[in-house]
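Visitor: got a predicted structure here, sequence first:
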Amino acid sequence: MQAFKTHPEIANRFEDLHPPFAPQAATIEANRCLNCFDAPCTAACPTHIDVPLFIKKIASGNVRGSATTILEANILGASCSRVCPVKVLCEGACVMHRHNEQPIEIGRLQRHAMDHFYNSGAKLPLKAAVERKERIACIGAGPASLACAAELRQQGFQVTIFDRQTLPGGLNTYGVAEYKLRSADSLREVELVRSLGVQFEVRDIASKDDLDQLEREFYIIFLGVGLGRMRKLNIPGEDHPKVIDALEFIASYKTGGRISVGNKVVVIGAGNTAIDAANAAKRLGAEEVYVLYRREEKDISAFSFEYEHAKLQRIQFHWNTLLIAIHIDDEGLSEIECARVASGNDQEFRQLPNSTFNLECDLLIPAIGQSGLLEFLSKFHNLQLTQGRVVIDRTTGQTTNPKYFAGGDCVNGGREVVDAVADGKRAALGIAGALKREAAHA
Amino acid sequence: MPDLRANTAGIKSPNPFWLASAPPTNCAEQIMRAFDAGWGGAVWKTIGEPIVNVSSRYSSIDWNGQRMMGLNNIELISDRPIEVNLNEIAQVKKLYPNNAVIASLMVESTREAWHKIVKQTEDSGADGLELNFGCPHGMSERGMGSAVGQVPEYAEMITAWVKEVAQTPVLVKLTPNITDIRTIARAAKRGGADGLSAINTINSITGIDLDTFVPRPNVDGASSHGGYCGPAVKPIALNMAQQVMSDPTAALPLSGIGGIATWKDAAEFILLGCSSVQVCTAAMHYGYRIVEDMIDGLENWMTEKGFATLEDFRGLSLPRVTEWKHLNLNYKIVARINESKCIGCDLCYTACWDGAHQCIHLDRVSGPIDGHVELHKRPTEIEATSHAAITVTPIPKLDHIGKSNHGANATPLARIPRVDETECVGCNLCSLVCPVEDCITMEQVDLNLPPQSWEQRVSSQAIATVTNAGGH
């Protein structure tokens, strides 16, 4: 793997949003855990990490064992500990809410165990007793494929992950706000997967020929391709270099060397990625950051804690506001034109009369969601899609084409890292099951 | 306002809270600050021929993130000359005539040595003497401390020597490191002691460093057994106080010692007959000011209960301790779960299945009510079902749900356990593990049977057998 280093300026400006526990603080927090039976936190976790067990191990001082418990269920336990929306998952399910107490800080405890694991240089032992000859390809090097590949290796299969990006890790490496997850930490997890014997290859699998070749080389193909590019605004001027979609923008400061954004930044959209982009712009030195959203405050799709975080960062929100034009003068992008729209209707946004106004803008960041990879996915034989998503058997991850399995955003429409990991691991077990059945019939 | 004045075998103090003979009572300066803070009395750090201590003297047990649940020490008696200690006692008594100053003494086991130290000490103005027959470490190797307190004949003999010359009340401090503490209490009583104090520290090794394999405290690569004290030893101390006070041949005015840190602890010792209580670890942990709440808390509790003086409740719990054979076998309690308080942690379920009698069930949704245990799912089956479930992160945009409103949601019925009262033996375990106060209560079930103890049951069976035999 090529050496990757974050720009020192980025490291300074993107300090941890949730700083790690000091060891003794972790012990005290771990001791608050009641050790519930059939714990709701475990049930709420898509990867069903045995939360009470890993917390008990922190309390006893068996931090290495704690990390192993986490990794057993979730090979990306480190990134999940930092990026999971724990308030709607494990911590949201904690019985302590009903005890009139703060929930156990499960996310930070998990991070404590995972930091200890990586800082100690520990490796995960390979469980497989025998090497299997079957070769499996994973397309996309994001969380779904990493989880799928790691589990398949643990069962002895030969796995290669393909991605067109130079750095593996998918959105974990390129797309998560740096104050939540550093690219370097995502790559550390990739190295753990590599250490199990997973091969990584930088190759853009795009054409029908590429697919045919893969089909010849590999027995099973796992699709962890994620979603496509961010949606376009369809407004003249959006191809200007100072208009950059949120994911590209986030990647540009995380791995591309960007350390500045200009004074005025406007983000279009109010999802979690929009918030990440707006917060990043603030940290990169923008004086004013505006978020434009065509619906009302109550309709935003970002998690509440993300929205609260943005307000604390003094991001300014314009509700019921549409971008209607991008003004470009001789010196480049200068301002954008906006209009208020009537609220209420779900799909139509009727512009209110005399409601247009201009905002100064040095950088415009559209963040109105990712589209599905419809064109690419339609190249596969017998691969059924619904609403641009790959249709699978939920318990095995198998698609309508038995040679293909799938998981992650391309299946679930864009959920969390932990969902992709759960999908990937389930698919790996599905693949292993299918191959064992085949072997039995052979 | 209740009257907290205490009288322990003639030693009077404005309240029952004394500092035990230990590092907090090492010198006059400390003891005067302690009296300023509110302590009613202090037992001076044991006076005797000065010793030399080692460096590294304490070790402790932490529990669940809390420090010093139990403390262990290998410090010996006072390392200061006898005259210095006695001069300082005189100084303290002059400035604090109303506070009790008790001199703890330990000298070699000769009549002359004891006579000499007793006279010297009484000349200094101490209100009473406490004979240290309890120290379990170091001094015992030299034939003092618990070496005396473990042999009734020695304890009786030395007590008698002291009583030959003592003018002030003499308390004998008992060691718990003995099979039956009453044997030494009886010996002290025979020797003429005016009172007792109990318990001294318990022999212990607090733990071992798993990197160096040296037990704590580490003195240059080695350790020695020390004296254990602190909250962990309170139940042991309460039991020994009860044993002594319930035995007419042993009972004497008792100054209770062992893990006392709060007014509640003190009230418990007094309920078992103690006239005063002695505190060390809590003061070492949090300082002299802990006595403020001890005084205030005890006064408030006494007011609430209508007790005007300590004598009004001293010993009230003694008749409530009996031998097992006298307990009523026809008394039955069962666990009841207050659903509105249940938070769904299901610790009671685990505890009942693994640690008790498998009579708490998670079947509120589907299972038969009052069915037999075998009809119910086992814990592993329930967990396997949860583990096999597919769970996803709720995303409002994708799932067409409102903003998740996490927080104080009601406990799902499936997580509220049910007690099978026909199988419940009333062991209390579920109510002990339940983290929520008053969520699981133990309720009496009327069996419509007259009280019957084991002793009565076996004697009535014996009578029945005799009667039956006679019928032949």
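Guide: Looks like it arrived, so ask away.

Visitor: local confidence estimate at residue A:100?
Guide: With respect to pLDDT, residue A:100 scores 82.

Visitor: so where does residue A:359 fall, helix or strand?
Guide: In this structure, residue A:359 sits in strand A:357-360 according to DSSP states H and E.

Visitor: cool, residue A:11 as well?
Guide: With DSSP H and E as criterion, residue A:11 is part of helix A:8-13.

Visitor: got the phi/psi numbers for the residue most central in space within chain B?
Guide: In chain B, the residue lying closest to the centroid (C-alpha atoms, centre = their mean) is residue B:234, at 1.2 Å. The phi/psi pair for residue B:234 (degrees, to the nearest 10) reads phi -60, psi -50.

Visitor: in the lengthiest helix in chain A, what's buried?
Guide: Longest helix in chain A, counting residues (DSSP state H): helix A:417-441. For helix A:417-441, burial by neighbour count (16 or more other C-beta atoms under 10 Å in any protein chain shown) applies to A:417-432, A:434-435. Just so you know, the C-beta spots here come from the backbone N, C-alpha and C atoms, and that holds for glycine as well.

Visitor: these also near chain B: which ones?
Guide: Residues of these in contact with chain B (C-beta under 8 Å from any C-beta of the partner chain): A:418-419, A:422, A:426.

Visitor: got a list of what residue 350 touches?
Guide: In the absence of a named chain, this looks at chain A. Neighbour list for residue A:350: A:341-342 [criterion: C-beta atoms under 8 Å, 6 or more residues apart in numbering or on different chains].

Visitor: that's the wrong chain, I meant chain B
Guide: Residue B:350 makes contact with A:37, B:379, B:433, according to C-beta under 8 Å, 6+ apart.

Visitor: tell me the one of the residues you listed nearest residue B:245?
Guide: residue B:433 (32.1 Å; C-beta to C-beta).

Visitor: gap between stretch A:248-266 and the chain center?
Guide: Put simply, stretch A:248-266 sits 19 Å off its chain's centre (C-alpha atoms, centre = their mean, to the nearest Å).

Visitor: check contacts around residue B:87.
Guide: residue B:124.

Visitor: pLDDT at it, what is it?
Guide: At residue B:87, pLDDT is 98.

Visitor: tell me the SS of it?
Guide: Of the three states, residue B:87 takes helix according to DSSP: H, G, I helix; E, B strand; the rest coil.

Visitor: next, count neighbours for the nearest residue to residue B:70 once chain neighbours are set aside.
Guide: Of all residues not flanking residue B:70 in the chain, residue B:232 sits nearest, at 3.6 Å (C-beta to C-beta, 6 or more residues apart in numbering or on different chains). Neighbour count of residue B:232, defined by other C-beta atoms under 10 Å in any protein chain shown: 21.

Visitor: ok, residue B:232 - contacts?
Guide: So, once contact is read as C-beta under 8 Å, 6+ apart, residue B:232 ends up touching B:61, B:69-70, B:259.

Visitor: same question, residue B:255
Guide: B:8, B:18, B:130, B:171, B:195-198, B:274-278.

Visitor: in what helix or strand does it lie?
Guide: Counting by DSSP H and E, residue B:255 is found in strand B:254-257.

Visitor: which neighbours does that strand have in its sheet, and in what orientation?
Guide: Applying DSSP bridges, strand B:254-257 is found paired with strand B:195-198 (parallel), strand B:274-279 (parallel).

Visitor: tell me how far it lies from the chain's centre.
Guide: On the basis of C-alpha atoms, centre = their mean, strand B:254-257 sits 11 Å off its chain's mean C-alpha point.

Visitor: ok, the residue nearest to the centre of chain B - contacts?
Guide: Shown in contact with residue B:234 (C-beta under 8 Å, 6+ apart): B:258-260, B:265.

Visitor: hmm, 10 Å instead?
Guide: Counting by C-beta atoms under 10 Å, 6 or more residues apart in numbering or on different chains, residue B:234 makes contact with B:256-261, B:265, B:268-269.

Visitor: so which elements touch the strand holding residue A:359?
Guide: strand A:264-268, strand A:288-292, strand A:316-318, strand A:321-329, strand A:332-340 (3 or more C-beta pairs under 10 Å, 6 or more residues apart in numbering or on different chains; DSSP states H and E).

Visitor: export the strand or helix carrying residue B:172 as PDB, just CAs?
Guide: Counting by DSSP H and E, the element that carries residue B:172 is strand B:170-173. Taking C-alpha atoms only, strand B:170-173 is exported to PDB below (Å, rounded to 0.1, in the frame of the first residue of the first chain):
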ATOM      1  CA  VAL B 170      -9.700  -0.400  80.000                       C
ATOM      2  CA  LEU B 171     -10.900  -1.500  76.500                       C
ATOM      3  CA  VAL B 172      -9.500  -4.700  74.900                       C
ATOM      4  CA  LYS B 173      -9.200  -4.500  71.200                       C
END
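
Visitor: let me see the mean pLDDT of that strand.
Guide: pLDDT averaged over strand B:170-173 gives 98.

Visitor: that one: how far from the chain's middle?
Guide: For strand B:170-173, the distance from its own C-alpha centre to the chain's C-alpha centre is 20 Å (C-alpha atoms, centre = their mean).

Visitor: next one: residue B:131 from residue B:260, what distance?
Guide: Residue B:131 is 21 Å from residue B:260, where distance means C-beta to C-beta, to the nearest Å.

Visitor: any low-confidence regions in the chain?
Guide: As the question left the chain open, I've gone with chain A. By pLDDT under 70, the low-scoring segments of chain A are A:1-3, A:344-347.

Visitor: oops, wrong one, chain B.
Guide: Applying pLDDT under 70 to chain B picks out residues B:365-375, B:402-408, B:466-472.
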